[in-house]
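>>> Output the structure for:
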Amino acid sequence: MSVAESRRIVLFRHAKADWPQVTDHERPLADRGRMDAAEAGRRLTDTGIAFDLALCSTAVRTRETWKLAVQEFPQRPKTVYEERTYEASPGELIALLNETPDDAQNVLMIGHNPGIQGLADILAGSGEDEARERMARRGFPAAAFAVLSFGGSWKSLEPGVATLQDYWAPAE
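Alright, predicted model coming up:
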């Protein structure tokens, strides 16, 4: 693949988590989160994007979200469980994405707020008006995702270079 071709990154916040007496990293999904994760998987499949790589936080709620969402995919992408996505800032997430091999065209990142929402806001220099309006109005609730595209290598990913193509969040 030429680095001049368009790449896509989908930023996917974990589904709604429960609050049992465990550490934050070990929090599981709530019942609603399990339903929303599967629905998000169906919506991600509807985008028609064939993912080459999924980068998933090591937190229990993100791993459970991914496990339920990916069951809806026609083909499972290579998955890397990446501890650096947990509690990461947008800048730390960009640095992680800059390490992505250029043979990966479409990458899905499953993570946490405020980092995932901040990254979507920072990367999207432009975008489809309806998607931008929905994301601005809804924020980035649990199980939401944003689809962004950009040209160039993963090393060239930086603030403002991407276009917001789509945004989805579960009904409240």
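>>> Count residues in the vicinity of the closest residue to residue 120 other than its chain neighbours, would you?
For residue 120, ignoring the flanking residues on the chain, the nearest one in space by Cβ to Cβ, 6 or more residues apart in numbering is residue 146 at 4.3 Å. C-beta: built from backbone N, CA, C; applies to glycine. Residues near residue 146, counting by other Cβ atoms under 10 Å, number 29.
>>> Buried residues of whichever helix or strand residue 146 is part of, list them for me.
If you go by DSSP states H and E, residue 146 is part of strand 145-151. For strand 145-151, the neighbour count (16 or more other Cβ atoms under 10 Å) marks 145, 146, 147, 148, 149, 150 as buried.
>>> Residue 6: which of these is nearest?
Using Cβ to Cβ, residue 149 comes nearest to residue 6 of the buried residues of strand 145-151, at 5.0 Å.
>>> show me the residues around that closest one that make contact.
6, 7, 8, 9, 162, 163, 165 (Cβ atoms under 8 Å, 6 or more residues apart in numbering).
>>> Now the residue lying farthest from the centre of the chain, what are its backbone angles?
Distance from the C-alpha centroid of the chain peaks at residue 21, with 27.0 Å (Cα atoms, centre = their mean). Dihedral pair for residue 21: phi -80, psi 70, per degrees, to the nearest 10.
>>> what do you get for residue 53?
Residue torsions, per degrees, to the nearest 10, at residue 53 are phi -150, psi 140.
>>> Count the residues that sit near it.
Residues near residue 53, counting by other Cβ under 10 Å: 18.
>>> likewise residue 40?
When neighbours are defined as other Cβ under 10 Å, residue 40 has 26 of them.
>>> Confirm residue 126 sits in a strand?
Yes: counting by DSSP: H, G, I helix; E, B strand; the rest coil, residue 126 is part of a strand.
>>> Quick one: residues contacting the closest residue to it other than its chain neighbours.
The shortest distance from residue 126 to any non-neighbouring residue, by Cβ to Cβ, 6+ apart, is to residue 163 (5.1 Å). Contact analysis of residue 163 by Cβ under 8 Å, 6+ apart lists 124, 125, 126, 127, 128, 148, 149, 150.
>>> redo that, cut-off 6 Å
126, 127, 149 (Cβ atoms under 6 Å, 6 or more residues apart in numbering).
>>> So which of the residues you listed is the closest to residue 59?
Distances from residue 59 to the contacts of residue 163, taken as Cβ to Cβ, are shortest for residue 149 (27.1 Å).
>>> Name the residues linked to that closest one by a beta bridge.
residue 8, residue 163 (DSSP bridges).
>>> Quick one: find the helix or strand in the protein with the lowest mean pLDDT.
strand 124-127 (a mean of 87; mean pLDDT, DSSP states H and E).
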